[in-house]
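what shape does this take:
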Amino acid sequence: MSGTGPGRRKRRSSVPGTGGPAIRANHRDYNQVLMDVRRSLKRFPKGMAEAERSVLQEQLIDMILYVLHSHPELHYYQGFHDIAVTLLLTAGLRLGTAMLQTLSTHHLRDFMDPTMERTRNVLSYLMPLIQSESPALHHFLLRSEVGCIFALSWLITWYGHVLSNFHQVLRLYDFFLASHPLTPVYCAAQMVLMREGEVLQGDCDLPGVHQLLSRIPSDFPYETLISRTHNLLQRHPPPELERQTSLRHLKSISASSFRSLVISSAHQRPDIVLRQQRSPPSSVLPARSQNTLVKLAVWGLSASLGAAALAVTQTALEWGPDVLLGLF
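Here you go, the predicted model:
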C-alpha cells in the first residue's frame, strides 16, 4: 500500500483523456502506477500490435490516476491495475473508468486504505468458511501453518493476475460485479474446498501446501466454482458468518455499503445509463477493443453517478439485486 501523501486536492470535473499531464506530474502514486502498468504486458491479448498496446497502456495510466485524483481518500495498491486493465479492455475507456471509480468506492474499498488492516480483515473470512464446510480440511490447513497469504493476490486482483485465460477472468468478473463485495473470498474458500482431496493427500507443511494452493490448475471447472460459490453465500451469508465467529469485530466498508448500493442500482434502468454516456474522448480505444466481449447488459451501480455502470453478460444477471437482497 502506498503512504498517506499530501492533503486533499480539488476534484477534476473533466473526463478521462483531458488534464492527464498535470495529474501525472503531481500525483503521489504516479511512479508506482507507471511501473505496474509497464510490467503488465501479459494482461494484453497475444498478438496485439505494439503501437496499439502502447496506447492502451497510456490510457490505463490515465484511467487509474483519474480515479485516484477524484477520490484522494483512496490509496493505490499493487494489483489495482490488474482490475483496471480488465475493465479497459472489455468496456472501453469512458465506461471502464466509470466502472473502476464506482468499484473503488464500494467493492474494492477495503483494499484502498493507507494500511492493509482491512485487507487482512477480508482474508480473515477464508478459514471460517472452510471450517464451516470441512472441519478436517480446516484442521489440516491450521497444522500446516499455511495461513491465508496464498489467496491475497486472488482477492485484490479479482484473480486477474493469476489466471492466464482471459475468458475465465471475464467470467469471474461477471460474477463478482453483480455480487456481494465479499464474494471473491467466498470464491477462494470454495476453490480450496474443491481441491480438498488433493490437499489432504500432500505433506502437511507450509511450503508444500502453499505451493499447491498457489497454483490454480489450468483446467479448473469455473462454472462449477461459480455455482458452488453462490450456494456457499446462501448457506453462510456474511452477516450470519460474522455472528457465528470471531469476525463480528471486523469492519468492512465494502460490505457495509453494499445494501444501499444494491437498492440504488435496482432503480436504475440500463438503457438510461447507456444514454448518459457521452461521446468518447479524443484518445479512443482501437475499434477491435471496444466492448467486443462484454456488451450484452449494463447494470448501473450508483444512482448518484449516472455514468457509473457495469457491463456484465446476461449470465451474470442470474445473481442480480433481487437475489442479493436475500443475503441480508
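
what does stretch 186-193 contact?
125-126, 129-130, 133-134, 137, 141, 151, 154-155, 159, 172, 175-176, 199, 213, 216, 220, 225-226, 228-229, 232-233 (CB atoms under 8 Å, 6 or more residues apart in numbering). Using the backbone N, CA and C atoms, a C-beta is placed for each residue, glycine as well.

same check on stretch 147-158?
With contacts defined as CB under 8 Å, 6+ apart, stretch 147-158 is touched by 77, 79-80, 82-83, 86, 111, 119, 122-124, 126-127, 161-162, 169, 172-173, 176, 184-185, 187-188, 191, 210, 213-214.

may I see the buried residues of the helix or strand hosting residue 118?
Applying DSSP states H and E as the criterion places residue 118 in helix 117-123. Applying a neighbour-count criterion of 16 or more other CB atoms under 10 Å, one finds 118, 119, 121, 122, 123 buried in helix 117-123.

ok, so of those, who is nearest residue 54?
Proximity of the buried residues of helix 117-123 to residue 54 (CB to CB) peaks at residue 119, which lies at 31.8 Å.

surely that closest one touches residue 108?
No - counting by CB atoms under 8 Å, residue 119 does not reach residue 108; the two are 10.3 Å apart.

now the end-to-end length of stretch 116-136.
End-to-end distance of stretch 116-136: 30 Å, with CA to CA, to the nearest Å as the criterion.

then stretch 129-147?
14 Å.

could I get the average pLDDT for that stretch?
Mean pLDDT, stretch 129-147: 96.

now do stretch 172-183
Per-residue pLDDT over stretch 172-183 has a mean of 87.

residue 37 and residue 59 touch, don't they?
No - under the criterion of CB under 8 Å, residue 37 makes no contact with residue 59, lying 9.8 Å away.

who's more crowded, these two?
Applying other CB atoms under 10 Å to residue 37 and residue 59 shows that residue 59 carries more neighbours, namely 26 against 21.

can you check the pLDDT for the more buried one?
93.

over to residue 252?
pLDDT, residue 252: 72.

and the buried ones among the contacts of stretch 186-193, selectable in ChimeraX?
To isolate in ChimeraX the members of the contacts of stretch 186-193 that are buried, counting by 16+ other CB under 10 Å, one can use:
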select :125,126,129,130,133,134,137,141,151,154,155,159,172,175,176,199,213,216,225,226,228,229,232,233
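
go through the contacts of stretch 186-193 and flag which are in strands.
Using DSSP state E, no member of the contacts of stretch 186-193 falls in strands.

what about the contacts of stretch 186-193, which are in helices?
Assigned to helices by DSSP state H, the following of the contacts of stretch 186-193 qualify: 126, 129-130, 133, 137, 141, 154-155, 172, 175-176, 199, 213, 225-226, 228-229, 232-233.

run a quick neighbour tally on residue 81.
Residue 81 has 27 nearby residues by other CB under 10 Å.

separation between it and residue 127?
The gap separating residue 81 from residue 127 is 29 Å, by CB to CB, to the nearest Å.

can you check residue 143 too?
Distance of residue 143 to residue 127, given as CB to CB: 13 Å.

quick one: which of those two has more around it?
Ranked by neighbour count (other CB under 10 Å), residue 143 and residue 127 place residue 127 first, with 18 against 12.

where exactly do the helices run in the stretch 151-300 of the chain?
Applying DSSP state H, counting those that start in this stretch to the stretch 151-300 of the chain gives helices spanning 152-156, 166-177, 183-193, 196-200, 206-214, 222-235, 238-244, 253-256, 258-266, 270-275.

and those, which one averages the lowest pLDDT?
Per-stretch averages of pLDDT across the helices of the stretch 151-300 of the chain put helix 270-275 at the bottom, with a mean of 42.
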